[in-house]
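Student: Okay, predicted coordinates and the sequence, questions at the end:
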Number of protein chains: 2
Amino acid sequence: MTPSRTTQPPADLVITGCTALVHDDQERIGFVEDASIVVRGGVIEYVGPATGATTRGPATGAPGTGAPAAEHIDARGQVALPGLVNCHTHAPMVALRGVAEDLPAEEWFNDVVWPVESNLTPKDVELGARLACAEMIRGGVTCFADHYFSMDTVAAVTAESGLRAHLGEAFFSSQGPEGRERSLEFALRHRGAAGGRITTALAPHAPYTVADADLAATAGLAREHGLPVHLHASESRDQTDNSLARHGVTPIEVLERTGLLGLDAGVLIAHGTGIIERDLPVLERATGPVAVASAPRGYLKFAWPTTPVRALRRIGVPVGLATDGAASNNSLDVWESMALTALVQKSTEGDPRWLTSRQALHHATLQSARAVGLGEQIGSLAPGRRADIVLVDVSGPHTQPVHDLAATLVHSARSSDVRTTIVDGRVLMRDRRLLTVDVAATVRELAERLPALTDRSHGQRIQEYDKPPG
Amino acid sequence: MTPSRTTQPPADLVITGCTALVHDDQERIGFVEDASIVVRGGVIEYVGPATGATTRGPATGAPGTGAPAAEHIDARGQVALPGLVNCHTHAPMVALRGVAEDLPAEEWFNDVVWPVESNLTPKDVELGARLACAEMIRGGVTCFADHYFSMDTVAAVTAESGLRAHLGEAFFSSQGPEGRERSLEFALRHRGAAGGRITTALAPHAPYTVADADLAATAGLAREHGLPVHLHASESRDQTDNSLARHGVTPIEVLERTGLLGLDAGVLIAHGTGIIERDLPVLERATGPVAVASAPRGYLKFAWPTTPVRALRRIGVPVGLATDGAASNNSLDVWESMALTALVQKSTEGDPRWLTSRQALHHATLQSARAVGLGEQIGSLAPGRRADIVLVDVSGPHTQPVHDLAATLVHSARSSDVRTTIVDGRVLMRDRRLLTVDVAATVRELAERLPALTDRSHGQRIQEYDKPPG
């Protein structure tokens, strides 16, 4: 349909002159040169060659599209891609970035992070989450899946930052049934908040901290309310071995027997580096959507194995990119997760041909969108999708020349090459200037709270991490 | 000695307000807060607390030092560290960045890189090297060890860029004795060039492409002229296995028997991922300095093992950081090599406590300086050392808060956080603006040459890469 030349209201945003990353109907990645993108009502209305744009407009029309627009971005020399999705993080933990270094997981949890987390206040969570949002916007992340405490605060910070988020209030069985109820109450109250930018999940911590009966009750609530579940499972091989030694089943088998693999709204499993051969048929016969979030940097740092991406892809499980919290990963840099996924997969599989740059971009786009239950809304630059877009500068000396743009993006470009970050058509960073977060004030206020936050003299911790078996 | 207050000429450069990375007499890394650095004649004259600076000067004195200075940099919120050293690269290969992706090493060499390199002209080398210098300056690299062809051109570009470099003209035995003679002639003619910023090495390609007699003759020339040798050896486990199958000795044993482990000026071994247990006593009994340059990104990409850093450290061999060429590594980002060295070492050794951030910084500073034979000249911010300094911004949201500055630098900061790069006291980049290289013009000129450079229709290649054994 050709819109009327006179009655069409101006587009909210038109981007011109970029190279646009698109997916064909086989989900193969391609690039459209000298592309224009037209955004209206937070949605992508058009993406394609400049000449194919929607309408010829008055003097406000953006060059190269003919479309009238309230806002125009000249993106020559830049690549437009779907905003990155951080499929598993604990955003407020940026307050603990660097607090527990060069330690095995058990000591990291029991001696530092869980003692420190017993000091956490909603104000710490607020400041940490705000700083995290700044970091993610600067790194081209437009949506994050968060699993933490004081999530009302994280929801409020998400709303103010302009980001999209998939939020869950974490709970342990040690909190009694109130933990699970609070998680449900949070999920129901915030579902669809921030103009639809916030979606929610039930968020049991993990099979080793949440009893089977509690997981089964969670699955029941998820079914009843049409909610997804986001939890840690098979984080490491030690956790799988512990589970086998104590219960005779793997954490993935626990998910199956408690009904979590049969939810209409799906389950998002964080890490899964301890997924073993016998788990694959279990995941394959799942009757609800299952996805795994992989944060490869932290696995290297803990000397864990990595997520078995190739095996999961073989059975059709999407693997989304993630960073985990900054206390283990030291950053919320999903761009780095993309590059490391490619590199670590080649190395682990002993196959330089595996996990090509285009495959890495598929993980970063459609697979990550599916992992957070937004496979039809984001993850692709296409008409009808939400306008979550990042513009990446590839003119720098470290990204030139370009022989293979997919390789340039995955292996040469960095999160710092993101110039502009857009969510729902709203510009959150333009030419690297943040428009919704005051970093200096946040850093200043957080700094004053760090001595109290990191005090461990009380000898308490919020949980006990399993020792490795044997 | 207190200099006279009236006769002292102004310092060339004073940096104030930074946190300075220093080494104590046990080579442990520490940080001096609110430090000043005074540079005179290309040399660091003072580094330490602001109040301890050398002299009280007139109105031109930089705040916080009292030292009069021709140039002053206010570096509040930034960390000063010794410039990074890229201990093994082929700078001009940035022209081939992304040209051969997701391939095993044998196909990468035989099907793409060596055919393409048969097209190389000095002009391609010049443009590639110039772009490489821009990338390295922007990434905080102040010195690079280059091993390539048309090295007269690389020396000229080095001189114009302001960088320090350790250069060697590569040769194969297939070139006859002329290859070796050209490498010697280059090394003698350029030694000490660019005001002392250029040092040189003899540069046989590798034991699998240079015959033992040729290596022995090279060792003889090195001894005669007091030159070091820089070569590839035991790059991969396949190379070691091939060498054992054909000659009954490892590439490291070839270095020993040809005299390359007994040079006063030392030998720099690139990669060494194929160094095996029996090589360790060979390296330990070397009578001349031996160092290894490690470029971990490319090893992941080729699915090679990584350099056995822990074993090499146990026998006292310095391991310098490197990127190799951009055709395999996709960047010349030594900062990333530092982070990956820490991550991959933890993972490979199965030990999260190994290769701490401070150890990574020791590799990046003193060990890398030693690897390129400049252990007394660079690698540390200390009086008498050449003023090769980078200033890194740690105020960004991805580097805040700072609980552990060493971890912040290694695991959170990125090469893009380098604000200012200084070599021999000369500022080559200030606030991310390059002062010695025109990137846009270089990219433009290089782009025109790429079709001819990447043409493989001629069916030629400069060498033949060994197939894996068996």
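Tutor: Nice, I can see it.
Student: can we go C-alpha only for contacts and neighbour counts from here?
Tutor: Noted.
Student: Could I get the full set of strands for the stretch 151-300 of chain A?
Tutor: Secondary structure of the stretch 151-300 of chain A by DSSP state E, counting those that start in this stretch: the strands cover A:164-171, A:198-200, A:203-204, A:229-233, A:267-271, A:290-294.
Student: now the fifth one and strand A:229-233, what's the angle there?
Tutor: So that's strand A:267-271. With axes from the mean of the first three to the mean of the last three CA atoms, to 10 degrees as the basis, strand A:267-271 and strand A:229-233 are set at 30 degrees to each other.
Student: then strand A:267-271 to CSV, C-alphas only?
Tutor: Taking Å, rounded to 0.1, in the frame of the first residue of the first chain, the C-alpha atoms of strand A:267-271 are listed here in CSV:
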residue,chain,number,x,y,z
VAL,A,267,12.5,-21.8,30.4
LEU,A,268,15.8,-19.9,30.2
ILE,A,269,18.7,-21.9,31.6
ALA,A,270,21.7,-19.8,32.6
HIS,A,271,25.2,-21.3,31.8
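Student: Mean confidence (pLDDT) on that strand, please.
Tutor: Averaged over strand A:267-271, pLDDT sits at 98.
Student: As a markdown table, the strands of the stretch 151-300 of chain A with mean neighbour count would be great.
Tutor: What follows is the strands of the stretch 151-300 of chain A, written out as a markdown table (neighbours: other CA atoms under 10 Å in any protein chain shown):
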| stretch | mean neighbour count |
| --- | --- |
| strand A:164-171 | 27 |
| strand A:198-200 | 25 |
| strand A:203-204 | 28 |
| strand A:229-233 | 26 |
| strand A:267-271 | 29 |
| strand A:290-294 | 29 |
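Student: burial count for A:Ser457?
Tutor: Applying other CA atoms under 10 Å in any protein chain shown, we find 8 residues neighbouring A:Ser457.
Student: Regarding it, what is its secondary structure?
Tutor: State at A:Ser457, reduced to three classes by DSSP: H, G, I helix; E, B strand; the rest coil: coil.
Student: And A:Pro9, by the same measure?
Tutor: coil.
Student: what sits against the nearest residue in space to A:Ala187 that is not next to it in sequence?
Tutor: Nearest non-adjacent residue to A:Ala187, counting by CA to CA, 6 or more residues apart in numbering or on different chains: A:Thr200, 5.0 Å away. With contacts defined as CA atoms under 8 Å, 6 or more residues apart in numbering or on different chains, A:Thr200 is in contact with A:His166, A:Leu167, A:Gly168, A:Ala187, A:Leu188, A:His190, A:Arg191, A:Gly192, A:Leu227, A:Pro228.
Student: swap the cut-off to 7 Å and go again
Tutor: Counting by CA atoms under 7 Å, 6 or more residues apart in numbering or on different chains, A:Thr200 touches A:His166, A:Leu167, A:Gly168, A:Ala187, A:His190, A:Arg191.
Student: and the gap between A:Gln359 and A:Ile29?
Tutor: Distance of A:Gln359 to A:Ile29, given as CA to CA, to the nearest Å: 9 Å.
Student: tell me, what's touching those two both at once?
Tutor: Residues touching both A:Gln359 and A:Ile29 (CA under 7 Å, 6+ apart): none.
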